[in-house]
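Engineer: Dropping the sequence and predicted coords here.
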Amino acid sequence: MKRRHSLITAAVMTALLFAPALSPDAALCSAKKKKCIYTNTCTDKKLTEKARQWIDSGAWRNGFTKASPHESVNVTDMYLCYHKSPETWNAMFAWLQQTDLLNIKAGKHRIPGTNLIASVEDSKNEELSKRKSESHRFNIDFMLVVKGTEGFRRLDHNSSTPSTTYKYDVVRYNYTPELCEKIEVGENQFIVMFPDDWHIAKVKTESNNQSIRVIVVKIPFLRQNDTALQTMQK
């Protein structure tokens, strides 16, 4: 028994001795990534737990069964935004449920009873360097993957900075690729990017097939001063 223990210990020590060490740059990147901020952080633990239970319960579905939220979705933001305008979210989910998402014609489609436009996009993921970063001050990006796997990057708030003059709603960024959060959203999943989710969509994945079909809906983001916001959007 002692001999067996000694052999195991020797094997472990040998593996550690000859394991490839992280380069200084890689080690620094790993350390920095632990301090990265990718989305809005809620300090109210009770609210976060309430939001998580709400998501898990499916109370928001109202009969919608075609897709589930990706694990990266900020559940607290979704909980708060949904309850500010439940009729808008419910109408969107109802349209998605009732529509043949695989066969509907690509293009823009108005969602009945709302001002929402669903953009049906047949596209391809591309190299990160070819994709644009963005966030939206007054809109939420809801993206449901119908076919394929869509790649995303979510930018670190601490190391990213605006890269262009502000134009209504859209912000672009300078960012460090190594500090981005890598996200891949598969078929029958949706991701929601809120204003604090600085992101890049349609980024090349590990898959052999980069073709995707995605439904994109922009939902108004209502802040505390909702009346002033709605006036700005007119």
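Structural biologist: Yep, that arrived. Everything quoted here is computed from the prediction, not taken from an experiment. Numbers count the residues shown, from 1 in each chain.
Engineer: pretty sure residue 105 contacts residue 118?
Structural biologist: No. Look at residue 105 against residue 118 with CB atoms under 8 Å: they stay out of range, at 11.5 Å. Backbone N, C-alpha and C define where each C-beta goes, glycine included.
Engineer: Of the two, give the one with the bigger neighbour count.
Structural biologist: residue 118 (23 against 8; other CB atoms under 10 Å).
Engineer: so that one sits right up against residue 217, yeah?
Structural biologist: Yes. With contacts counted by CB under 8 Å, residue 118 reaches residue 217, the gap being 5.1 Å.
Engineer: Report the set of residues contacting both of those two.
Structural biologist: Counting by CB atoms under 8 Å, 6 or more residues apart in numbering, the contacts common to residue 118 and residue 217 are 92, 111.
Engineer: ok now do residue 202, which residues does it touch?
Structural biologist: 123-126, 131, 150-151, 212.
Engineer: Need those residues in CSV (columns: distance to residue 194).
Structural biologist: Shown next, in CSV, are the contacts of residue 202 (distance: CB to CB, whole Å):
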residue, distance to residue 194
123, 22
124, 26
125, 22
126, 24
131, 19
150, 18
151, 19
212, 22
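Engineer: List just the nearest of those residues to residue 165.
Structural biologist: In terms of CB to CB, no member of these lies closer to residue 165 than residue 131, at 20.2 Å.
Engineer: Now for that closest one: which residues touch it?
Structural biologist: Per CB under 8 Å, 6+ apart, neighbours of residue 131: 200-203.
Engineer: And the strands in the chain?
Structural biologist: Taking DSSP state E as the criterion, the chain carries its strands at 68-69, 107-110, 117-124, 133-136, 139-147, 150-154, 161-162, 170-171, 173-174, 181-185, 189-193, 199-203, 211-220.
Engineer: Max pairwise distance over the contacts of residue 202: which two?
Structural biologist: Across the contacts of residue 202, the longest distance by CB to CB is 13.1 Å; it joins 131 and 212.
Engineer: So, low pLDDT: which residues of the protein?
Structural biologist: For the chain, applying pLDDT under 70 flags the ranges 1-34, 224-234.
Engineer: Show me what counts as buried in stretch 131-151.
Structural biologist: Residues of stretch 131-151 classed as buried under the neighbour-count rule (16 or more other CB atoms under 10 Å) are 131, 133-136, 138-151.
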